[in-house]
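>>> kindly generate the corresponding structure for this input.
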Amino acid sequence: MIDVQKQYDNRKIPIDKVGIKNLKYPVRVLDRTKGYQSTIASINMYVDLPHDHKGTHMSRFVEMLQIFRTEISLYAFSNILEEMKKQLDADASHVEISFPYFIEKKAPVSGSAGLMNYTCHINGSSDPKGNIDLVSEVFVPISSVCPCSKEISENGAHNQRGEVHLSIRFKKFIWIEDLIELVENEASCDVFSVLKREDEKYVTEKAFNNPKFVEDIVRDIAQKLKKDKNITWFNLSAENFESIHNHSAYAFISSNNIARPL
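You can find the predicted model right below:
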């Protein structure tokens, strides 16, 4: 049969990324407590396309996903990125995976257990020289209390939920749980899925006694990241979904713009 994708294209325009997007696929992710966790990932896969190729073979992307079935790992990412270039006759390849990750979290006083859902991304690419670039991302729900509101009010202070988005490059493997804990420890208080009355009292008072602006949250997290020699780069943002304003509060820090400790 005629391979239409392999036919010559005379427009002489290369394509940076071509492939499949938003494919849902079952995968296993490393779990610090249980070893592995099964989840459903949304996967994007791309390669570059030379100026003289009409198209790429989309079905081959899906066929190569068998590599991810057993485990999402640094090794699996490196394998599939190189296999994509080989199978699709490409110079560069890219994979983006997004998946929900669940951690059992106990309420701080009652100990009642519930599952917390965190959104995680892993993005990988391989350049024409075979250099692999991997970025891990977590989206962590938090709560914060406004320091200004507390300072100017006779009783109480406004508080709200928010979200921290952390992206990192690293030298060696780092647990998803470690990234989440690092973020949660720098919020006014972390978020729980199950709270009894005694737990609600605890988290309310903890947050009230630990007020933070979004500026405070990103700076406190950045301080910890700067000291971790395993982390080579990071982007970090915090967004508070304000409870008394018709807007969100937002702050962003990139390690590109701050000095590392000597």
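
>>> pull out the buried positions in the helix or strand of the chain with the lowest mean pLDDT.
Scoring the helices and strands of the chain by mean pLDDT, DSSP states H and E places helix 66-69 at the bottom, with a mean of 78. Of all the residues in helix 66-69, those buried under the rule 16 or more other CB atoms under 10 Å are 67, 68. For glycine as for every other residue, the C-beta is placed from the backbone atoms N, C-alpha and C.

>>> what helices and strands are in contact with that helix?
When contacts are defined as 3 or more CB pairs under 8 Å, 6 or more residues apart in numbering; DSSP states H and E, helix 66-69 sits against strand 15-31, helix 74-87.

>>> residue 216 is nearest to which of these?
The closest of the helices and strands packed on helix 66-69 to residue 216 is strand 15-31. By CB to CB, the value is 31.3 Å.

>>> by contact count, what packs against that closest one?
Going by 3+ CB pairs under 8 Å, 6+ apart, strand 15-31 lies up against strand 35-49, helix 58-64, helix 66-69, strand 93-106.

>>> can you lay out these as JSON lines showing distance to residue 207?
Listed next are the helices and strands packed on strand 15-31 as JSON lines, based on distance: least, CB to CB, whole Å:
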{"stretch": "strand 35-49", "distance to residue 207": "29"}
{"stretch": "helix 58-64", "distance to residue 207": "45"}
{"stretch": "helix 66-69", "distance to residue 207": "39"}
{"stretch": "strand 93-106", "distance to residue 207": "16"}
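
>>> worst average pLDDT in the ones you listed?
Among these, helix 66-69 carries the lowest mean pLDDT, a mean of 78.

>>> neighbouring contacts of that helix?
Helix 66-69 has contacts (CB atoms under 8 Å, 6 or more residues apart in numbering) with 25, 26, 27, 28, 41, 43, 76, 79, 80, 83, 97.

>>> equivalent analysis for stretch 146-162, please.
In contact with stretch 146-162 (CB under 8 Å, 6+ apart) are residues 141-145, 187-188, 191, 204, 207-208, 211-214, 216-217, 238-244, 249.

>>> try it again at 10 Å.
140-145, 187-189, 191, 203-204, 207-217, 238-245, 248-250 (CB atoms under 10 Å, 6 or more residues apart in numbering).

>>> which elements pack onto whichever strand or helix holds residue 178?
Using DSSP states H and E, residue 178 sits in helix 176-184. The contact analysis (3 or more CB pairs under 10 Å, 6 or more residues apart in numbering; DSSP states H and E) places helix 176-184 against strand 15-31, strand 93-106, strand 113-126, strand 132-145, strand 159-170, strand 189-190, helix 214-227, strand 231-241.

>>> name the residues of it that are buried.
Applying 16+ other CB under 10 Å to helix 176-184 flags 176, 177, 179, 180, 182, 183, 184 as buried.

>>> now swap in stretch 12-27 and tell me
So stretch 12-27, judged by 16+ other CB under 10 Å, has buried residues 15, 18, 19, 20, 27.

>>> same list (those residues) but as JSON lines, adding pLDDT and distance to residue 61.
Shown next, in JSON lines, are those (pLDDT from 0 to 100; distance: CB to CB, whole Å):
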{"residue": "15", "pLDDT": "96", "distance to residue 61": "15"}
{"residue": "18", "pLDDT": "96", "distance to residue 61": "10"}
{"residue": "19", "pLDDT": "96", "distance to residue 61": "6"}
{"residue": "20", "pLDDT": "96", "distance to residue 61": "5"}
{"residue": "27", "pLDDT": "91", "distance to residue 61": "15"}
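
>>> thanks a lot, see you next time.
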